[in-house]
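Peer 1: need a 3D model of the sequence below.
(one chain, ligands or ions: 4)
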Amino acid sequence: MKAWILFAAVLAVPVRATAPSPAHVKAQVACADCHGQAEPAKGAPAEACMGCHGDYAAMAAATKALPVNPHDSHLGQVACTKCHAQHRPGKAICMECHEFELHVK
Ligand code: HEC
Ligand code: HEC
Ligand code: HEC
Ligand code: HEC
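Peer 2: Numbering: from 1, shown residues only. Ligands and ions are numbered 1, 2, ... in the order given. You can find the predicted model right below:
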């Protein structure tokens, strides 16, 4: 009986992937580095990204050699996490309107 209750409890927990992007897994970036806590319940703020990668100016400089710069556009300062989602594939939101080639790794 006890075992059955335990089994039911396990089934009730929603299954979700918790691994961030492959580059962050490889670099051993911890949950708390982005979320501010070890057992997060909601998304991470873009400020956490900038703490390691630099601000918009720094990111614009890093990708300025690309034909179209995803970090310096007429959209202004779009939250990093809009394009670089972590627990699901990211996407360059520019593609909602444009047809140039931009891919989030
Ligand atoms: C590189 C930064 C980063 C790391 C590392 C990271 N997360 Fe996240 N996490 C995010 C972002 C950004 C979101 C917002 C959802 C999205 O766009 O994918 C998020 C969302 C979540 C959510 C909210 C539920 C959801 O589906 O949106 C949970 C829970 C979570 N992360 C847990 C974890 C755990 C546990 C770890 C460590 C194993 C972890 N995260 C590591 C950035 C990170
Ligand atoms: C604790 C520091 C740290 C935090 C916080 C962090 N990153 Fe990273 N990130 C790294 C490291 C280290 C790498 C791997 C080496 C590199 O490419 O610079 C990396 C790699 C990346 C890459 C390159 C991916 C690739 O495959 O080349 C992107 C994009 C990125 N991070 C975006 C983000 C975003 C967006 C956030 C916030 C949700 C974030 N990072 C938070 C340290 C961090
Ligand atoms: C409009 C979508 C978008 C937003 C918003 C965005 N990025 Fe990016 N980012 C990209 C794309 C697309 C690339 C891949 C460029 C390429 O082909 O190398 C990239 C590349 C990167 C890289 C790898 C840079 C390198 O040297 O190769 C890092 C790190 C990164 N972004 C971090 C950030 C951070 C931090 C923010 C917020 C300040 C941010 N990004 C906001 C689309 C975005
Ligand atoms: C909601 C739709 C929309 C989104 C999203 C969007 N754009 Fe645009 N973009 C436009 C429109 C409309 C123009 C003006 C078209 C024109 O005059 O040819 C434009 C013009 C441009 C131009 C100059 C036109 C050219 O071909 O020289 C560039 C470069 C550009 N966008 C880059 C970006 C980048 C990078 C992103 C993502 C960070 C982005 N756009 C996201 C609608 C959008």
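Peer 1: point me to the helix or strand that includes the residue nearest to residue 104 when sequence neighbours are not counted.
Peer 2: Among residues not flanking residue 104 along the chain, residue 90 sits closest, at 3.7 Å (C-beta to C-beta, 6 or more residues apart in numbering). From N, CA and C alone the C-beta is placed, and that goes for glycine too. Using DSSP states H and E, residue 90 maps to neither a helix nor a strand.
Peer 1: got the contact list for residue 90?
Peer 2: With contacts defined as C-beta atoms under 8 Å, 6 or more residues apart in numbering, residue 90 is in contact with 21, 83-84, 104-105.
Peer 1: tell me which of these fall in helices.
Peer 2: residue 83 (DSSP state H).
Peer 1: among the contacts of residue 90, who's most crowded?
Peer 2: Tallying neighbours with other C-beta atoms under 10 Å puts residue 84 at the head of those, with 20 neighbours.
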